[in-house]
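Engineer: Got a sequence here, can you build the structure:
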Amino acid sequence: MKKNPEPFIDGIEVPRRVPALHAERRRRQLLVLLPLFALPAAWARSQTNGGFVEVWKSPTCGCCEDWVAHLESNGFKMRTHDAGNTDARQRLEMPPRYGACHSASIAGYAIEGHVPAREIRRLLNERPVAIGLAVQAMPIGSRGMDGLAYGPRKDAYEVVLVAKNGSASTYQRY
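Structural biologist: Numbers count the residues shown, from 1 in each chain. Modelled structure (predicted):
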């Protein structure tokens with residue numbers, strides 16, 4: 001570091017740079033900015049670990065209530081409506097052929113039927129360009145259809161990713 005030969009120029013004291021103070025100022029600036037870099041990760045976590053799910057279902061459907069309880073026990077916040085399933089499906093642009101006993105929406109995606117929380121988290125982490133996820137029909141053993149009333153039976157089923165053009169591909173097999 002080049003030193004001023006005189007501590008004064010034209011009668012004004014010239015402050016000398018002290019490397020330790022400069023480094024400390026830099027450190028403080030970085031500490032202030034650090035949370036800004038964490039915001040996208042925090043937002044993603046909020047969507048996957050406690051994201052808000054809005055559900056439209058029949059008021060008398062027990063499996064729908066069990067599916068809602070499954071999502072709540074996995075950290076999702078729920079808002080349920082005891083009507084409007086068909087209207088919600090149409091509004092969310094989910095093709096009727098993937099229709100089930102309840103429709104849901106989270107972070108701009110449609111969720112149709114007994115989709116496990118694990119696959120919803122995966123969807124929110126991966127963020128594919130898609131309408132959402134669906135489990136067709138009501139397979140025994142799927143989340144919501146897995147209570148004591150169904151016994152030990154577990155049917156094989158698929159969670160499908162429904163593309164914007166209405167086609168679907170296997171997202172996960174159970």
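Engineer: How is residue 83 assigned, secondary-structure-wise?
Structural biologist: Under DSSP: H, G, I helix; E, B strand; the rest coil, the three-state class of residue 83 is coil.
Engineer: That one reaches residue 56, doesn't it?
Structural biologist: Yes: with contacts counted by Cβ atoms under 8 Å, residue 83 reaches residue 56, the gap being 7.0 Å. C-beta here means a position set from N, CA and C on the backbone, and glycine is covered the same way.
Engineer: In terms of neighbours, single out the busier of these two.
Structural biologist: More neighbours surround residue 56 than the other of residue 83 and residue 56, with 22 against 11 (other Cβ atoms under 10 Å).
Engineer: Go ahead and confirm the more buried one touches residue 103.
Structural biologist: Yes: contact status for residue 56 versus residue 103: in contact at 5.0 Å, counting by Cβ under 8 Å.
Engineer: what sits in contact with each of those two?
Structural biologist: Contact with both residue 56 and residue 103 is made by residues 85, 88, 89, according to Cβ atoms under 8 Å, 6 or more residues apart in numbering.
Engineer: how about CSV for the residues you listed, with pLDDT, distance to residue 170 and neighbour count added?
Structural biologist: Listed next are the shared contacts of residue 56 and residue 103 as CSV, based on pLDDT from 0 to 100; distance: Cβ to Cβ, whole Å; neighbours: other Cβ atoms under 10 Å:
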residue, pLDDT, distance to residue 170, neighbour count
85, 90, 24, 22
88, 95, 24, 21
89, 95, 21, 22
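Engineer: Quick one: low-confidence residue ranges for this protein.
Structural biologist: For the chain, applying pLDDT under 70 flags the ranges 1-23, 26-27, 29-51.
Engineer: make it 90
Structural biologist: When residues are selected by pLDDT under 90, those of the chain lie in 1-52, 60-63, 147-150.
Engineer: Just the helices from it, written as ranges.
Structural biologist: Taking DSSP state H to define them, one finds helices in the chain at 19-48, 62-73, 85-91, 117-126.
Engineer: Many thanks, I have nothing further to ask.
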